[in-house]
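> Predicted model follows, preceded by the sequence.
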There are 2 protein chains.
Amino acid sequence: MDISNNSIERLCRVFGYLDILEKKDVEFVSSMELAEAMGSAAHTVRKDISILNITGYTRKGYPVSSLKKDLGNRLNLNKTRKACIVGLGRLGSALLDYEKFQEDGFEIVAGFDSSVNKLERIRTDIEVFPMSSLKEMIVSKRIELGIIAVPAENAQAVADRLVEAGVKGMLNFSPTKVTVPKEIVNVNMDFTNALRLIAAKLNK
Amino acid sequence: MDISNNSIERLCRVFGYLDILEKKDVEFVSSMELAEAMGSAAHTVRKDISILNITGYTRKGYPVSSLKKDLGNRLNLNKTRKACIVGLGRLGSALLDYEKFQEDGFEIVAGFDSSVNKLERIRTDIEVFPMSSLKEMIVSKRIELGIIAVPAENAQAVADRLVEAGVKGMLNFSPTKVTVPKEIVNVNMDFTNALRLIAAKLNK
DNA sequence: CTCTGTGAATGCTTTCACAGCG
DNA sequence: CGCTGTGAAAGCATTCACAGAG
């Protein structure tokens, strides 16, 4: 299929918003309302949805539950996926307990760190392991996603090990871009660069 | 000037990479090397740089220090900017001590939380305050940037208060889009949506 | 009327290809 | 040669505008 990155990103956000509407038992939602909530335009929402061949009802809008189900199917968001976090410093351990992940169908099933000290001191319900068992656990627990929360200098090494262990996608919180084989999906979340971007946009 | 968001974003990353090169005392860098480090193409790098009317040297590439300085000037990245963090849960307090911010010219000068309990228990060198003094501190400390690390349901209220207090830009870590006046720069970092995006891209 | 659905037009960005410089 | 600099071309994404459905 032929759908742009931006469209996917927007549709993922729509999916999240539909989840909220569904919990409020809203039955129908118009492209206008969706647009407002996403901060985009109604025709953009309609276009994005129509790319996936999903249709709504004239005069009513889109049926919330079925749109959510359809979007989920098309975007592979309906099944729960297992993820692990590598690096249990302040950020990594905050992410371990980030409840939103679980709510949204991403289950954090393991944490890894090279420091035995950290592993012993951490307080969490999620199982934590030394780096030496990274591959073993990823394979045995069928973990699909890796979240990198180590310092910049170790990020590439961790990415390599995650790939070698067989994860399919990675979310990288370190301030370095990591290089991965092209069949592996990699998304970067660089906080510092986000602040730079804000600064750069301030006087424009 | 007429420069796209994507270009700005890429140039900010180039800026970060130049910082590393500078510390290694590298004198010149080619568009090819920059491209490799950014995961983009050489002509993209050259184009981006040329949009800002910055030039390099034929056969040598760009002089690291002066390119960094020029980029910094054009993108307003050369002066240190003060930021505060609102919400001192696990994520917020991890961000409080995120050293990279300081290294890169963003100084976290205050943290805020509505829970007195959290304020008392937190261990950090950065000053923390109750929400009631948000505006007062933002004004008196001349804080320009606000980092939102509160739960989704409070994000919009916090954003409103930050705007009212006079911040110019915000980095929003909550999984909700917040609406701000158009002169305020707002960047969203939605972890869950990042994972969704990865999931959606997995089988494409 | 109101709201969806979508080809067509517009407007951006990226990519190309090659001139220019040392 | 090797690497920058940049108009021009190509490729995408967004926006428009209006037909269609109830």
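Looks like it came in fine.
> Give me every residue in chain A that's in contact range of DNA strand C.
Within chain A, the positions near DNA strand C by Cβ under 7 Å from any atom of the strand are A:30-32, A:42-43, A:46-47, A:49-50, A:53-62. Backbone N, C-alpha and C define where each C-beta goes, glycine included.
> repeat that with 10 Å
Proximity of chain A to DNA strand C, by Cβ under 10 Å from any atom of the strand, involves residues A:28-35, A:42-62, A:67.
> Could you list which of those residues belong to strands?
Residues of those located in strands (DSSP state E): A:F28, A:V29, A:Y62.
> Name the member of those residues with the most neighbours.
Within those, most neighbours by other Cβ atoms under 10 Å in any protein chain shown means A:Y62, with 26 neighbours.
> In contact with the closest residue in space to that one that isn't next to it in sequence: list those residues for me.
Excluding the flanking residues, the one nearest A:Y62 by Cβ to Cβ, 6 or more residues apart in numbering or on different chains is A:G56, at 3.8 Å. By Cβ atoms under 8 Å, 6 or more residues apart in numbering or on different chains, the residues touching A:G56 are A:S31, A:I49, A:Y62, A:P63, A:L67.
> Between the residues you listed, which sits nearest chain B?
Chain B lies nearest to A:I49 out of the contacts of A:G56, by Cβ to the nearest Cβ, at 14.2 Å.
> In chain A, which residue sits closest to DNA strand C?
A:T55 (2.6 Å; Cβ to the nearest atom of the strand).
> For A:E9, the count of nearby residues, please.
When neighbours are defined as other Cβ under 10 Å, A:E9 has 19 of them.
> was I right about it contacting B:N193?
Yes. At 7.3 Å, A:E9 and B:N193 qualify as touching, with contact defined as Cβ atoms under 8 Å.
> The strand with the most length in chain A - contacts with which helices or strands?
Identified as the longest strand of chain A according to DSSP E is strand A:106-113. Taking 3 or more Cβ pairs under 8 Å, 6 or more residues apart in numbering or on different chains; DSSP states H and E as contact, the helices and strands that strand A:106-113 lies on are strand A:81-86, helix A:90-96, helix A:99-103, strand A:128-130, helix A:134-140, helix B:191-202.
> and the angle for the longest one with strand A:106-113?
Following axes from the mean of the first three to the mean of the last three Cα atoms, to 10 degrees, one obtains 100 degrees for the angle between helix B:191-202 and strand A:106-113.
> wait, does helix B:191-202 make contact with DNA strand D?
No. Counting by Cβ under 10 Å from any atom of the strand, DNA strand D is not contacted by helix B:191-202; separation bottoms out at 12.8 Å.
> Need the contact partners of that helix.
Here helix B:191-202 makes contact (Cβ under 8 Å, 6+ apart) with A:8-9, A:11-13, A:15-16, A:75-77, A:81, A:83, A:95, A:98, A:100-101, A:104, A:106, A:144-145, A:168-171, A:185, A:187, A:189, B:173, B:175.
> for the fifth one, same thing?
Outside of helix A:134-140, the residues within contact range by Cβ under 8 Å, 6+ apart are A:84, A:86, A:110, A:112, A:129, A:143, A:146, A:161-162, A:164-167.
> Quick check: A:P175 touching A:V150?
No. Assessed by Cβ under 8 Å, A:P175 is found out of contact with A:V150, at 10.9 Å.
> So for these two, which sits in the more crowded spot?
Each of A:P175 and A:V150 has its neighbours counted (other Cβ under 10 Å); A:V150 has more, 26 against 20.
> Which residue ranges make up the domains of chain A?
Using automatic domain parsing, the domain ranges for chain A come out as A:5-73, A:81-194.
> I'd like to know which helix or strand in chain A has the lowest mean pLDDT.
helix A:99-103 (a mean of 93; mean pLDDT, DSSP states H and E).
> That helix - contacts with which helices or strands?
strand A:106-113, helix B:191-202.
> picking up where we left off before, now render the domains of chain A as a markdown table, adding distance to B:L134.
As requested, those are arranged in a markdown table below (distance: least, Cβ to Cβ, whole Å):
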| stretch | distance to B:L134 |
| --- | --- |
| domain A:5-73 | 24 |
| domain A:81-194 | 22 |
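> Now do the SS call for the residue most central in space within chain A.
With distances taken as Cα atoms, centre = their mean, the residue of chain A nearest its centroid is A:L171 (7.2 Å). Recorded secondary structure, A:L171: strand (DSSP: H, G, I helix; E, B strand; the rest coil).
> Looking at chain A, which residue reaches furthest from the middle?
A:R59 (33.6 Å).
> follow-up on the earlier one: could you list which of the contacts of A:G56 also contact DNA strand D?
Within these, those near DNA strand D by Cβ under 10 Å from any atom of the strand are A:S31.
> May I have the predicted confidence score for A:V150?
pLDDT recorded at A:V150 is 97.
> what does chain A have sitting close to DNA strand D?
Within chain A, the residues that sit near DNA strand D (Cβ under 10 Å from any atom of the strand) are A:2-10, A:31, A:35, A:40-48, A:50-51, A:55-60.
> Just the buried ones from those residues?
Burial by neighbour count, 16 or more other Cβ atoms under 10 Å in any protein chain shown: within the residues of chain A next to DNA strand D this picks out A:7-10, A:31, A:35, A:40, A:44-46, A:48, A:51, A:56.
> Please identify which two of these are farthest apart in space.
With Cβ to Cβ as the measure, no two of these lie farther apart than A:E9 and A:G56, at 20.8 Å.
> isn't A:S7 right up against A:I49?
No. Look at A:S7 against A:I49 with Cβ under 8 Å: they stay out of range, at 9.4 Å.
> Which neighbours do these two have in common?
Between them, A:S7 and A:I49 share no contacting residue, judged by Cβ under 8 Å, 6+ apart.
> So what touches stretch A:59-79?
With Cβ under 8 Å, 6+ apart, stretch A:59-79 has contacts from A:8, A:11-12, A:14-15, A:18-19, A:21-22, A:26-31, A:33-34, A:49, A:52, A:54, A:56-57, A:105, B:196, B:199-200, B:202-203.
> Buried members of those residues into PyMOL, please.
Selection of the buried residues among the contacts of stretch A:59-79 in PyMOL, burial being defined by 16+ other Cβ under 10 Å:
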select buried, (chain A and resi 8+11+12+14+15+18+19+21+22+28+29+30+31+33+34+49+52+54+56+105) or (chain B and resi 196+199+200+202)
